[in-house]
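**Student:** could you work out the structure for the sequence below:
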Amino acid sequence: MKLAVVTITVGDVYEEIATITHPTLKAYAEKIGAEFIVWGDQRDHTLPHYLKMGLNKLLREYDRVLYIDTDILVRPDAPNIFEETPEDHIGIFEEGQFIDRSSMKDFLTEHGIDVNKWNGKYYNTGVMVLSSEHANVFLPPVHEKNHFKEQSYINLLFALMKPKIYNFHYKWNRMYALDRITGEERFDSYFMHYAGLSEMMPKDAFLTLMKNDWEEWGKGKEHGYKYQKNVAIFVQGGLGDQIAAEPAVRWVKNHLYKGDNLLLISDWPELFGHLDITIKKAGEKFQVTKGFVEFQTLRSPDHVSWEYMSHPLCHTTDFASLQLARCTLPVTQKQISLPLDKKIVDNMRPLFDRRTVLLHPGRGWPSKTFPSDVWQSWLDALLEVGLNVVLVGKELNDEQGVVRFDWEKPGVTSLISKLSIAELIAAVSLAPVLISNDSAPIHIAGAFDNWIGVVATCKRPDHILPYRGNGDPFYKAEALEEYKLYERYNAQPTQVYGATIDKCTDEQIRAACPGAKRIVDFVFKALTNG
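**Tutor:** Down below sits the predicted model:
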């Protein structure tokens, strides 16, 4: 079989580029048993890129041809691309799956082509594997128009002639635009394409970049050309959301991207101090020198994912893993793990004994903010039966933080607005029983083995309670609400305006809150069962 590798080199800049790339192209051609051909006569073309129309003639002389741009380096271990590509297909990379090329519609319209004949795929013509049967695809245009050079014109020919296409993996045509999309080092590819960079960078800097990249590939041989991916994880939402996302972050680190270069950005970096990972505080200025692919644990509701999933209608940990890793975790991997400072625990231990209840009077949406007299009745009832109460939370404002009531009483230790995150984690770890609404302390308790009493209102209790005891949210936990307020919210996908679960009347929230006796009975049940 007669094979050829052909490239185009026109102009002084590309002649200099060729001194770096052509040795790699020629070596590759020899490796796969192909003749190496360089085209450089532009006389019949307004743009040198339209020299590619000469493939029409070349494909009548050779059985198969690899066209490759001159601004491409070929890695020494690159496999035979002809063996990769079915002979009756054009092998080419569809860049439109990563880069917006919708302007192709305008190009088609200008040429009087019905845009409905275009399948929406836009191919990069820097690397093409062709067979003799594709010769007639490369018909010269009446006028050579610069629309991404000749690329849109060739895509127009594909749209009209509809040849069979074999879509290459980007490893065969790796461009810089893919760095932040894939998170992969550009070196983790066979053909490194510097498309457009020669026009964006000073010539000397561009040539130096190519030389340095080639030297880096020389070093890569020593480790089998294995390169780390660069992954940035943005942990989002409130404190409880970020705590609940910890299993998903841990799964990404230990399984999906084990051994890769991970960067985590969070409002509370201390939550993830137990993971061997680079952590930055959200909003902190830091320099990123590599192209990181960005993953998120809680995208805003305007993201397309919210069209088929809803954070309030999912378990918080499951939602984070679906957003971050596109999967729900194995049941045994869903339990939250948090760093625990032994020194802080020892300092706080005297505040807790076997008759201590940790109470968190959380304030948030109207649908999960209980009236102050309700919290007061629970506190007084617990004190009346001889129990000790430790209060946690933070006073912020009228919409967030804690509900204020009279807790200045014997038997009550108020730690409200006094604890760091590490101290809050320590307090939760020491408490035999925790009672709260949908709140961060509930999620913190997921890392430990104490009893949890949750009054669920806007969300179902099994969407709030953390996975413990081999994945059971109700392991050493109980839902205490009297009225299932969450069932009144319309969660049908056909509901135009969605479920307004943050709204609630005083009457409705009071109906959901259990009486003081229910709270006391639960606490004694928990303390009795250890």
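
**Student:** for D472, what are phi and psi?
**Tutor:** phi -100, psi 110 (degrees, to the nearest 10).

**Student:** so where's the protein shaky on pLDDT?
**Tutor:** 288-289, 494-499 (pLDDT under 70).

**Student:** please parse it into its domains.
**Tutor:** What automatic domain parsing lists as the domains of the chain is 3-223, 230-333, 342-529.

**Student:** distance of Y28 from L73?
**Tutor:** Remark: distance between Y28 and L73 (C-beta to C-beta, to the nearest Å) = 10 Å. For every residue, glycine as well, the C-beta is placed using N, CA and C.

**Student:** my read is that L3 contacts A34, right?
**Tutor:** Yes: in terms of C-beta atoms under 8 Å, L3 counts as a neighbour of A34; the distance is 3.7 Å.

**Student:** so between these two, which is more surrounded?
**Tutor:** A34 (23 against 16; other C-beta atoms under 10 Å).

**Student:** if I pick the more buried one, what's in contact with it?
**Tutor:** Counting by C-beta atoms under 8 Å, 6 or more residues apart in numbering, A34 touches 3-5, 66, 82.

**Student:** go on, A427?
**Tutor:** Residues near A427 by C-beta under 8 Å, 6+ apart: 348, 351-352, 358, 390, 392, 415, 419.

**Student:** backbone dihedrals for N173, please?
**Tutor:** Residue torsions, per degrees, to the nearest 10, at N173 are phi -160, psi 70.

**Student:** which residues touch it?
**Tutor:** So N173 contacts 72, 92-93, 95, 124, 126-127, 191, 193 (C-beta under 8 Å, 6+ apart).

**Student:** one step back: which one of the contacts of A34 is nearest to R460?
**Tutor:** Closest approach to R460 among the contacts of A34 (C-beta to C-beta): F82, at 57.2 Å.

**Student:** the closest one sits in which helix or strand?
**Tutor:** Assessed by DSSP states H and E, F82 sits inside helix 81-84.

**Student:** who's in contact with the helix or strand hosting F295?
**Tutor:** Assessed by DSSP H and E, F295 sits inside strand 293-296. Outside strand 293-296, the residues within contact range by C-beta under 8 Å, 6+ apart are 180-183, 229-234, 236, 252, 323-325.

**Student:** buried subset of these?
**Tutor:** Neighbour counting with 16 or more other C-beta atoms under 10 Å marks 182-183, 229-234, 236, 252, 323-325 as buried within those.

**Student:** what about the contacts of A34, which one has the most neighbours?
**Tutor:** Result: L66 is most packed of the contacts of A34 (other C-beta under 10 Å), 25 neighbours.

**Student:** you'd agree that one is up against T7?
**Tutor:** No: counting by C-beta under 8 Å, L66 does not reach T7; the two are 9.2 Å apart.

**Student:** rewinding a little: list residues touching both of L3 and A34?
**Tutor:** Listed as contacting both L3 and A34 by C-beta under 8 Å, 6+ apart are 66, 82.

**Student:** in CSV, could you pull the C-alpha coordinates for stretch 129-143?
**Tutor:** Extracted in CSV, the C-alpha atoms of stretch 129-143 (Å, rounded to 0.1, in the frame of the first residue of the first chain):
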residue,chain,number,x,y,z
VAL,A,129,-6.3,10.7,7.4
LEU,A,130,-7.7,10.0,4.0
SER,A,131,-8.0,7.2,1.4
SER,A,132,-8.1,7.3,-2.3
GLU,A,133,-11.9,7.2,-2.3
HIS,A,134,-12.0,10.6,-0.7
ALA,A,135,-10.2,12.4,-3.6
ASN,A,136,-13.4,14.0,-4.9
VAL,A,137,-14.3,15.4,-1.5
PHE,A,138,-11.6,18.1,-2.0
LEU,A,139,-13.0,20.3,-4.7
PRO,A,140,-11.5,23.8,-5.0
PRO,A,141,-13.8,26.7,-4.3
VAL,A,142,-14.7,29.4,-6.8
HIS,A,143,-13.5,32.0,-4.3
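
**Student:** please spell out which residues along that stretch are buried.
**Tutor:** In stretch 129-143, residues buried by neighbour count (16+ other C-beta under 10 Å) are 129-131, 134-135, 137-138.

**Student:** and the contacts of it?
**Tutor:** Contacts for stretch 129-143 (C-beta under 8 Å, 6+ apart): 50, 52-57, 59-60, 62-67, 81-82, 84-85, 87-88, 90-92, 153-154, 157-158, 161, 163, 166.

**Student:** again, only this time at 7 Å
**Tutor:** Outside stretch 129-143, the residues that touch it by C-beta atoms under 7 Å, 6 or more residues apart in numbering are 52-53, 55-56, 59-60, 63-67, 81-82, 85, 87-88, 90-91, 153, 157, 161, 163.

**Student:** cool, stretch 482-497 as well?
**Tutor:** 313, 367, 456-460, 499, 501, 504, 508, 511-514.

**Student:** pull out the buried members of those residues.
**Tutor:** By 16+ other C-beta under 10 Å, the contacts of stretch 482-497 give 313, 367, 456-460, 499, 501, 504, 512-514 as buried.

**Student:** need those residues in CSV with secondary structure and distance to K145, can you?
**Tutor:** Listed next are the buried ones among the contacts of stretch 482-497 as CSV, based on DSSP: H, G, I helix; E, B strand; the rest coil; distance: C-beta to C-beta, whole Å:
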residue, secondary structure, distance to K145
L313, helix, 51
S367, helix, 59
A456, coil, 63
T457, coil, 63
C458, coil, 58
K459, coil, 57
R460, coil, 59
A499, coil, 52
I501, coil, 54
C504, coil, 61
A512, helix, 67
C513, coil, 71
P514, coil, 73
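
**Student:** tell me where the stretch 101-250 of the chain has strands.
**Tutor:** Along the stretch 101-250 of the chain, the stretches classed as strands by DSSP state E, counting those that start in this stretch are 123-131, 165-167, 191-193, 230-234.

**Student:** for S429, which of those strands is the nearest?
**Tutor:** strand 230-234 (25.2 Å).

**Student:** what helices or strands is that closest one leaning on?
**Tutor:** Judged by 3 or more C-beta pairs under 7 Å, 6 or more residues apart in numbering; DSSP states H and E, the packing partners of strand 230-234 are strand 261-266, strand 293-296.

**Student:** now those strands as a markdown table including distance to K105 and mean neighbour count?
**Tutor:** Compiled in a markdown table, the helices and strands packed on strand 230-234 are given as follows (distance: least, C-beta to C-beta, whole Å; neighbours: other C-beta atoms under 10 Å):
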| stretch | distance to K105 | mean neighbour count |
| --- | --- | --- |
| strand 261-266 | 37 | 20 |
| strand 293-296 | 28 | 18 |
